[in-house]
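[1] Have a look at this prediction, sequence included:
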Amino acid sequence: MENHKLIFPVEENLNQELLKYFKGERDGYVQVGPKKWFLPVKFKSLASQYKNFRVRPDDVWITGVPRSGTTVTQELVWLLCNNLDYEAAKQDLDERVRYYELDLVFNDKTTEERIMTFSGDKELERLAECIKNTLKFLDDDVKRRTIKTHLPFELLPDDILRKGCKVIYVCRNPKDVAVSYFFYEKGSWHLNFTGDFEKYWNFFKNGNCTFGPYFQHVKQAYEKKNLLNVLLVFYEDLRKDPRAYIRQIADFLNKQLDKKEIDKLENHLGFENFKKNPAVSKALRDVDNNEVDFIRKGKVGGWTEYFTKKINNEANEWINENIRHIGIKWPK
């Protein structure tokens, strides 16, 4: 049986604990396949749609664990695939680069209540339309498609690799991913995590956050890094040497850039400019806490502000054990 069809409910005690802390997910969670991909129960009704979606050879897919740097990479890829059209890039990023499984991460009951509470809110109405129609929008798009997903490879269409689509997988140090994911899920009305960071860290480390387990996700991509149509990049490299990161992705997409074009891209994607870009920061506003921005700090090593000595020791042991099996190393 195909792995995307092997769907099991999460053990009941764990499911109840998760529902206690993730107030936005009202229906519970499932685990999928031998790797136990951790997803909302809604995945059961969507799995075949995701697996059987019609891909095109010129599609470009950006993927990775959430909060790994996929958003800034989306913006870069879209610009490279659209002749550096900064005027067209003023359109909201979520309309230029569709989030493949958007309908999966928004619980139907929570979203319906939100829309009823804020009746007439145009942004929420647009969000609801996107949730219902993302795959249709992608099917109807006549231009070259740039698509974002957080699903692991084995839950995506097999034709992504068979038909030669370009796939860019973004990695980030799991400590920084955990902190960024914690603040995002805490501030998002449709997720609404109510616990502290230590509680969240335990869920994350044990593979009990949506799209986990983290290292299984990374491992599937790392095993494909030598395929001609797959590029594995690191968020840390973007922040350390953005020009090299831009050139690496441009080369992968067979785009030639001169110095002025790289200068402009580097400025456009610089953290402060990117955070203030309304096409990014206001796209599909699902963050409802004024203290939490969708684009938060973007720091490399920001985890040190939140990890206790105990959590850090646990993290180091967990990371070292996993990277021995995978072989991956994060840039300093």
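    That came in fine, so what should we check first?
[2] Quick one: list the elements packing against the lowest-mean-pLDDT helix or strand in the chain.
    Least confident helix or strand, the chain: helix 278-281 with a mean of 81, by mean pLDDT, DSSP states H and E. Using 3 or more Cβ pairs under 8 Å, 6 or more residues apart in numbering; DSSP states H and E as the contact criterion, helix 278-281 has no neighbours among helices and strands. Backbone N, C-alpha and C define where each C-beta goes, glycine included.
[3] quick check, distance from that helix to the centre of its chain.
    The chain centroid and the centroid of helix 278-281 are separated by 16 Å, computed with Cα atoms, centre = their mean, to the nearest Å.
[4] same thing with stretch 136-152?
    14 Å.
[5] Can you tell me what sits against that stretch?
    Here stretch 136-152 makes contact (Cβ atoms under 8 Å, 6 or more residues apart in numbering) with 35, 37, 50, 53-54, 56, 58-66, 70-71, 74, 77-78, 81, 96-101, 130, 156, 210-211, 216-217, 220.
[6] Sort out which of these are buried, if you could.
    For those, a burial check counting by 16 or more other Cβ atoms under 10 Å picks out 35, 37, 50, 53, 59-66, 70-71, 74, 77-78, 81, 96-101, 130, 156, 210-211, 216-217, 220.
[7] ok, back up a step: how about residues contacting the helix or strand immediately after the least confident helix or strand of the chain in the chain?
    Beyond helix 278-281 on the C-terminal side, the first helix or strand identified by DSSP states H and E is helix 309-326. Helix 309-326 is contacted from outside by 174-175, 197-198, 201, 205, 215, 218-219, 222, 307, 329, using Cβ under 8 Å, 6+ apart.
[8] now those residues in CSV, with secondary structure?
    Shown next, in CSV, are the contacts of helix 309-326 (DSSP: H, G, I helix; E, B strand; the rest coil):
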residue, secondary structure
Pro174, helix
Lys175, helix
Phe197, helix
Glu198, helix
Trp201, helix
Lys205, helix
Phe215, helix
Val218, helix
Lys219, helix
Tyr222, helix
Phe307, coil
Lys329, coil
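[9] Out of the residues you listed, which two sit at the greatest distance?
    Glu198 and Tyr222 (28.5 Å; Cβ to Cβ).
[10] More neighbours: which of the two?
    Tyr222 (18 against 14; other Cβ atoms under 10 Å).
[11] Let me see the contact set for the more buried one.
    By Cβ under 8 Å, 6+ apart, the contact list for Tyr222 reads 232, 326-328.
[12] go with 7 Å
    Contacts for Tyr222 (Cβ atoms under 7 Å, 6 or more residues apart in numbering) come out as 232, 326, 328.
[13] what pLDDT, on average, does stretch 71-81 get?
    On average, the pLDDT along stretch 71-81 is 97.
[14] Touching it from outside, list them.
    Stretch 71-81 is contacted from outside by 60, 62, 89, 93, 96-97, 144, 146, 148, 168, 170, 238, 246, 249-250, 253, 255, 265, 269, 274, 280, 295, using Cβ under 7 Å, 6+ apart.
[15] Show me where the stretch 51-200 of the chain has its helices.
    70-81, 93-96, 102-105, 108-117, 122-140, 159-162, 174-187, 197-205 (DSSP state H, counting those that start in this stretch).
[16] Mind checking these for the one nearest to Leu228?
    Among the helices of the stretch 51-200 of the chain, helix 159-162 comes nearest to Leu228, with 10.2 Å by Cβ to Cβ.
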